[in-house]
Each structure stands twice: as C-alpha cells, then as structure tokens.
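*Asks:* Predicted coordinates and the sequence they were generated for:
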Amino acid sequence: MNKDVQTTYKQLAVAFSGPSNSGKTTLVVKVSNILQDRGYKVCIVKHDPKDKALFDKEGKDSHKFSQTGANVAVVSPTRTTLFKQSTSTIEELIELFKEFDYLLVEGLKTLPLPRVSVFRNSLDETYFEVTDAIACDESINKEDIPSTITQLDLNNPEEVIEWIENNAKRVK
C-alpha cells in the first residue's frame with residue numbers, strides 16, 4: 001500500500017442501550033464482527049456505570065501500577081491498553097481512536113447519538129425518549145412500541161447494520 005495515499009474513514013457513531021441481560025453486548029459483538037469481516041475498522045466504547053471494570057488481574061504489574069492512581073499504558077507488539085484515572089468525553093475518545101469507520105457505544109444514554117435500544121422479555125418505556133430504533137425478539141409485543149420508533153429484529157444483525165448505515169451520526 002502506498003503510504004502517501006490518505007485513507008478515508010466513515011467515522012459513523014451509534015449507541016446501544018437497554019436493561020441488563022437484554023442482549024446489548026451480544027448484538028454489538030455480532031455487528032462488530034460483521035463490519036470487520038467486511039473490512040471496516042470498528043471501535044467500541046462500553047459504559048461502566050458501576051465502576052466495576054478492572055485493569056488486569058490483581059497481583060500483576062499493570063494492576064499494581066493502576067492502583068497507584070497514575071494513568072497507565074501497557075504496550076505490546078499487537079496492542080496498547082490504556083487505563084486512565086478519570087472519565088473521558090466522547091470527543092476525547094473519538095480523538096484517541098481517530099481512524100475508524102464505526103464507533104459503537106454501549107450505554108451512555110445521555111450521549112446525543114442515534115440510539116438502538118435492545119429489549120427481550122419486556123419493554124422499558126423509560127428508554128423511549130432516547131431511542132431511535134428498538135431491536136427486539138419475538139418475546140416483545142411489537143404493538144407496544146410507539147410508531148415513531150423504528151422496529152428491528154434483534155436476531156438479524158444485518159438489518160441493524162442497514163439501520164446504522166442510514167442513521168448513524170458522522171462524528172468528524
């Protein structure tokens with residue numbers, strides 16, 4: 001590949017919300033895998049509202065470093081892992097990732113991004129005001145979904161990707 005050629009990325013962002021165990025992570029993984037199989041660069045941001053995420057395993061050097069309160073980066077031949085001791089804005093994350101086609105955000109209901117809410121077994125109407133589309137399975141009565149919200153099949157990630165293509169926000 002010629003290093004002088006500028007690669008253009010789509011830089012489309014979309015968010016996924018829904019109650020615990022609704023299938024959000026499974027859907028994000030399926031969508032990410034399909035997009036990457038198509039040759040796109042995908043970044044994922046996961047919201048951890050209960051601050052449960054850990055950096056490495058207890059006793060390992062990188063965990064010990066993170067326990068000091070310092071920002072820590074672990075660099076290996078195939079990846080860089082960053083542990084920052086403060087929250088980040090979506091703009092900071094976009095700048096950090098820079099080169100991507102799709103940014104998939106799980107959670108962060110307050111972000112002004114087009115949003116797919118995921119439901120199984122029951123609908124939670126408190127999500128409706130931040131929802132542009134609902135991905136659900138046959139356990140949900142589709143008649144209970146407002147007509148202003150697009151309905152998607154939770155078990156059809158291709159349909160979800162098509163919605164993303166048409167509705168995601170260009171962030172750069």
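*Replies:* Cool, the structure landed.

*Asks:* what about the chain, any weak spots by pLDDT?
*Replies:* Along the chain, segments meeting pLDDT under 70 span 1-6, 54-55.

*Asks:* Pretty sure Val105 sits in a helix.
*Replies:* No. Assigned with DSSP: H, G, I helix; E, B strand; the rest coil, Val105 falls outside any helix and is strand.

*Asks:* dump the residue contacts of Glu58.
*Replies:* Not one residue lies near Glu58 by CB atoms under 8 Å, 6 or more residues apart in numbering. (Glycine included, C-beta is placed from N, CA and C.)

*Asks:* Is it in a helix, a strand, or coil?
*Replies:* Going by three-state DSSP: Glu58 is coil.

*Asks:* in stretch 95-107, what counts as buried?
*Replies:* 97, 100-107 (16 or more other CB atoms under 10 Å).

*Asks:* Same question for stretch 16-32.
*Replies:* In stretch 16-32, counting by 16+ other CB under 10 Å, buried: 16-19, 22-24, 27-28, 30-32.

*Asks:* what comes into contact with that stretch?
*Replies:* The contact list for stretch 16-32 (CB under 8 Å, 6+ apart) reads 42, 44, 102, 104-107, 109, 115-120, 124, 127, 130-131, 135, 137, 154, 157, 160-161, 164.

*Asks:* Same check on stretch 101-115?
*Replies:* For stretch 101-115, the external contacting residues (CB under 8 Å, 6+ apart) are 9-17, 24-25, 28, 31-32, 35, 40-49, 90, 93-94, 97, 127, 130-133, 164, 167-169, 171.
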